[in-house]
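Participant: fold the following for me, if possible:
(2 chains)
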Amino acid sequence: DAMVIQNPRYQVTQFGKPVTLSCSQTLNHNVMYWYQQKSSQAPKLLFHYYDKDFNNEADTPDNFQSRRPNTSFCFLDIRSPGLGDAAMYLCATSTTVGADTQYFGPGTRLTVL
Amino acid sequence: AQKVTQAQTEISVVEKEDVTLDCVYETRDTTYYLFWYKQPPSGELVFLIRRNSFDEQNEISGRYSWNFQKSTSSFNFTITASQVVDSAVYFCALSEARAGRRALTFGSGTRLQVQP
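Facilitator: Below you'll find the predicted structure:
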C-alpha cells in the first residue's frame, strides 16, 4: 500500500542536542509538509517542499530546518531543541498545494529532557 | 483570513448513540475545500472526506455522514450508531484554492469519547 512513513515513532533527545526526524513516501507526491502538534492543539504547519522548492512559514523558528534530497524523503532538523519543542511532528504529502488532500504519516513524538 | 471553528471541545456518548460534530468556517474565497480528519490515540491523522465549495450534496459513507451548508458556512459530521473505535479527536479543516495557497487551516478539534 502506498503510504507515508515516519521514523522513528518516538524520539528522546537532550536539551540543545540536535535531532533529525525522517519522513518517506511511496505516493510519489510532489509536496511534502512538516507540522508540529502540541498536546490538545491543532497541527501547525512549519514548512513545505513543492518538489525542491522550500517554503517556510513566517513564524517558524530558525531552529527548525528541513531537507528534501529526493522525491521520496524529507527530513526535519531541530538544531538546538528546547523544552518547548517537545511535540508530535507530523509529515504529510499531497499531489499539489492548496486544494489537494494531504495524507499524513503516523507522526514522531519528540521528548526533550 | 480563513478560520475554522469547532465549538465542541469534548463530547462523550454511549455506544450506539448518534453524535454530530459541528464545524463552522470563514473564508472570503468562493472556491475552497473542506476536510475532516480523524486522529486516534496513536496520533496519525486519518483523512475522512474532502468536499469542494461547489458541491453541497450531503455524503454518506457507512455510519458516517456529512452535511455541508454554504448558507450557514457549516460542514457538520454525524456518526450513526457510534462505536468505541470511533473514540478520537476529529479535526475539520479548510483550504483555499487560490494559486499559492498551501496551508490547511485546522479547527481546534473535537475529542469524542464513546463509552461501552
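Participant: only C-alpha atoms from now on, for both contacts and neighbour counts.
Facilitator: Fine.
Participant: for A:Pro61, give its distance to A:Val31.
Facilitator: Counting by CA to CA, to the nearest Å, the separation of A:Pro61 from A:Val31 is 21 Å.
Participant: which one of those two is surrounded by more residues?
Facilitator: A:Val31 (22 against 11; other CA atoms under 10 Å in any protein chain shown).
Participant: for the closest residue to the more buried one other than its chain neighbours, report the pLDDT, please.
Facilitator: The shortest distance from A:Val31 to any non-neighbouring residue, by CA to CA, 6 or more residues apart in numbering or on different chains, is to A:Tyr50 (4.5 Å). Note on A:Tyr50: pLDDT of 91.
Participant: and A:Asp1, by the same measure?
Facilitator: pLDDT, A:Asp1: 67.
Participant: what do you get for B:Ala103?
Facilitator: pLDDT for B:Ala103: 72.
Participant: what's the answer for B:Arg98, then?
Facilitator: On pLDDT, B:Arg98 comes in at 65.
Participant: could I get the full set of strands for the chain?
Facilitator: Answering for chain A, as no chain was given. For chain A, applying DSSP state E gives strands covering A:4-7, A:10-13, A:19-25, A:31-37, A:44-50, A:53-56, A:64-67, A:73-78, A:87-94, A:103-104, A:108-112.
Participant: switch to chain B, please.
Facilitator: Under DSSP E, chain B gives strands at B:3-5, B:10-14, B:19-21, B:24-26, B:32-39, B:46-52, B:59-61, B:64-69, B:74-79, B:88-96, B:105-106, B:110-115.
Participant: ok, back up a step: for B:Phe47, find the nearest of the strands of chain A.
Facilitator: Relative to B:Phe47, the nearest member of these by CA to CA is strand A:103-104, separated by 6.7 Å.
Participant: and for residue 58, the neighbour number?
Facilitator: No chain specified, so I'll use chain A. Counted with other CA under 10 Å, A:Ala58 comes out at 8.
Participant: sorry, should have said chain B
Facilitator: The burial count for B:Asn58: 13, using other CA under 10 Å.
Participant: again, but for A:Tyr35
Facilitator: 21.
Participant: let's see stretch B:66-85 as CSV, backbone CA atoms only.
Facilitator: Provided in CSV are the C-alpha atoms of stretch B:66-85 (Å, rounded to 0.1, in the frame of the first residue of the first chain):
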residue,chain,number,x,y,z
TRP,B,66,-21.6,14.9,6.3
ASN,B,67,-23.9,17.9,6.0
PHE,B,68,-22.5,20.8,4.0
GLN,B,69,-24.5,24.1,4.1
LYS,B,70,-23.0,27.1,2.5
SER,B,71,-25.8,29.3,3.7
THR,B,72,-24.6,28.8,7.3
SER,B,73,-20.9,28.1,6.5
SER,B,74,-21.1,24.8,8.2
PHE,B,75,-19.8,21.3,7.4
ASN,B,76,-21.1,19.0,10.2
PHE,B,77,-20.1,15.4,10.6
THR,B,78,-22.5,12.8,12.0
ILE,B,79,-21.6,9.3,13.3
THR,B,80,-24.6,7.0,13.4
ALA,B,81,-24.6,4.2,16.0
SER,B,82,-21.3,5.2,17.5
GLN,B,83,-18.7,2.5,18.5
VAL,B,84,-15.8,2.6,20.9
VAL,B,85,-13.4,2.6,17.9
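Participant: tell me which residues in it are buried?
Facilitator: By 16 or more other CA atoms under 10 Å in any protein chain shown, the buried positions in stretch B:66-85 come out as B:66-69, B:74-80, B:82-83.
Participant: look up the closest residue to the residue nearest the centre of chain A, ignoring the ones flanking it.
Facilitator: Centroid-nearest residue in chain A: A:Trp34, 2.9 Å away (criterion: CA atoms, centre = their mean). When the adjacent residues along the chain are set aside, A:Trp34 lies closest to A:Cys91, with 4.7 Å between them (CA to CA, 6+ apart).
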